[in-house]
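1. Sequence isn't available, so here's the structure alone:
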């Protein structure tokens, strides 16, 4: 059960992607595919690990152009294969509270077949207006938009 | 999947209760029973609501001796009937980050039949040592200990 969308607290990317749901799901859940689109170029995802179950770790490492690396640890909350993946940076593996959340948000994607492609919705939901605003000002729409295009390109190239 | 116990970050009550697992579970999950033991007397639980599914709301209101009321909103993360219930105050209903967590902890109970009663373990797990220490200093062992005795008494009196 995911909280209803609240425009004051939540941010969204909503696109029709030209790739079938099964390939979008693979790009989200296979680490070697995830690494190819998860961060906006020229930033690189140097590591990716997912333990696909509630309480499982979902961990990536971002490598910046200067070579510095920034881990991002989150916890998977809920999933339905080829439909939904929910995680949060307020927790880490095993539902333990995060010692240092990046923003304090829950992220989720939903995907459904539409017109031969995929209706793809990615949202970041927050507990406070100022956190949502900061996330938006740090470039949510550009960043998540760019990686969604990268995701579509990688998914489109899969056999 | 719950994080392994970490003595530097986690607090625990571990007791053999003189009541069968089925009654302990009822006391945890039926609001009218939960209200009878959830807060250490003379503090009263004036309201209790549980939506028993991942993402469901778990909300109680504490009424102090001076009549003031304090809501406590958490989110259910995981459960197995008569075995395990996991929730966190870092999130509220629908996995939304809490605008004001009480401590920033994940709580869980596990229960198993033992010697005609119930092996009962209740834990609070934290992300940082200082949060765990503050939770302990605010009376975790006395508070959770007292309510565990209240729980045992209420469960023992059930038909």
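-> Looks like it came in fine. Note that the coordinates shown come from a computational prediction; the quantities given were computed from them, not determined experimentally. Residues are numbered from 1 along each chain as shown, chains lettered A, B, ... in the order given.
2. biggest strand in chain A by residues?
-> Taking DSSP state E as the criterion, chain A has its longest strand at strand A:69-80.
3. in its sheet, what does it sit against?
-> Partners of strand A:69-80 in the sheet, by DSSP bridges, are strand A:57-63 (antiparallel), strand A:84-88 (antiparallel).
4. The ones you listed into CSV, with extra columns for mean pLDDT?
-> Compiled in CSV, the strands paired with strand A:69-80 are given as follows (pLDDT from 0 to 100):
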stretch, mean pLDDT
strand A:57-63, 98
strand A:84-88, 98
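5. Nearest to residue B:119 among the ones you listed would be which one?
-> strand A:57-63 (28.1 Å; Cβ to Cβ). Every C-beta, even on glycine, is put in place using the N, C-alpha and C of the backbone.
6. Tell me which residues are up against the closest one.
-> A:34-35, A:38-39, A:43-51, A:69-76, A:87, A:92-94 (Cβ atoms under 8 Å, 6 or more residues apart in numbering or on different chains).
7. Surely residue A:125 forms part of a strand?
-> Yes: going by DSSP: H, G, I helix; E, B strand; the rest coil, the assignment for residue A:125 places it inside a strand.
8. Looks like it contacts residue A:3 (just checking).
-> Yes: in this structure residue A:125 lies within contact range of residue A:3 using Cβ atoms under 8 Å: 5.9 Å.
9. how about the residues of chain A near chain B?
-> Proximity of chain A to chain B is confined to A:1-4, A:9, A:51, A:53-56, A:77-78, A:86, A:88, A:90-100, A:104-106, A:108, A:125-128, A:131 under the rule Cβ under 8 Å from any Cβ of the partner chain.
10. Using PyMOL, make a named selection holding only the buried ones among those.
-> To isolate the buried members of the residues of chain A next to chain B in PyMOL, using 16 or more other Cβ atoms under 10 Å in any protein chain shown:
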select buried, chain A and resi 1+2+3+9+54+55+56+77+78+86+88+90+91+92+93+94+95+96+97+98+104+105+106+108+125+126+127+131
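11. Out of the residues of chain A next to chain B, list just those in helices.
-> The helices, defined by DSSP state H, take in residue A:131 from the residues of chain A next to chain B.
12. circling back: for residue B:135, which of the strands paired with strand A:69-80 is the nearest?
-> Proximity to residue B:135, assessed across the strands paired with strand A:69-80 by Cβ to Cβ, is greatest for strand A:84-88 (20.6 Å).
13. Please state the offset of that closest one from the chain centre?
-> Here the centre of strand A:84-88 is set off from its chain's centre by 8 Å, with Cα atoms, centre = their mean, to the nearest Å.
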